[in-house]
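Student: quick one: sequence plus predicted model below, questions after.
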Amino acid sequence: MSATAGLQLRRAAPADADLLLAWANDPETRAASFHPGRIEPDEHRGWLAARLASLSTVLWIGELDGRPVGQVRLELEPDGVAEVGISVAPEARGRGVGRRLLGAAVSEASRTLPVTAFLARVRPDNGRSLALFRAAGFLDDAQGLVDGVPCLELRARPQR
């Protein structure tokens, strides 16, 4: 478990399935996603089982005072690039949780994983995520597509 400014990171577990699904299906989260449709429980359980079993995925739950407040997922490519996905629980938004969660995840991954760079793919209309990643030191690198949806690619170096 890792901590940054009172926020604890712990590895996600199968018991987190309902919590993660509720966060993923939050209307604001869906609107900012590259796949805005509602996620069905069976689809989510299969996805989560695959992510938890994957050697190239790290999925953390962030907790404040023992309460879950968000998640960060890293998908590590063979070249060491770690794609970052993050979401904050609806009831925790607007309190700096995203900044703390992202900072804790980047710090922990930089210390414990063979990361060569962090990559975030964000929809251009997702101002909150763009501001979060830029404030964390991610720099605009390129424009791209995720399943046909435009994105901005932002990169950051590991903290060594």
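Tutor: That came in fine, so what should we check first?
Student: for residue 147, see how far away the residue lying farthest from the centre of the chain is.
Tutor: Among the C-alpha atoms of the chain, the one most distant from their mean position (C-alpha atoms, centre = their mean) is that of residue 42, at 21.3 Å. Relative to residue 147, residue 42 is positioned 21 Å away (criterion: C-beta to C-beta, to the nearest Å). C-betas here are computed from N, CA, C, even on glycine.
Student: assumed the residue farthest from the centre of the chain was part of a helix.
Tutor: Yes: according to DSSP: H, G, I helix; E, B strand; the rest coil, the state of residue 42 is that of a helix.
Student: now it: how far from residue 85?
Tutor: The separation that residue 42 has from residue 85, given C-beta to C-beta, amounts to 21 Å.
Student: next: residue 52.
Tutor: Remark: distance between residue 52 and residue 85 (C-beta to C-beta) = 15 Å.
Student: what about the longest helix in the protein?
Tutor: Criterion DSSP state H: the longest helix present in the chain is helix 97-112.
Student: what's next to the helix or strand just after that one, contact-wise?
Tutor: Sequence order places strand 117-122 as the next helix or strand after helix 97-112, per DSSP states H and E. Around strand 117-122, the neighbours that count as contacts under C-beta atoms under 8 Å, 6 or more residues apart in numbering are 34, 74, 80-84, 106, 109, 129-130, 133, 138, 141, 144, 146, 151-158.
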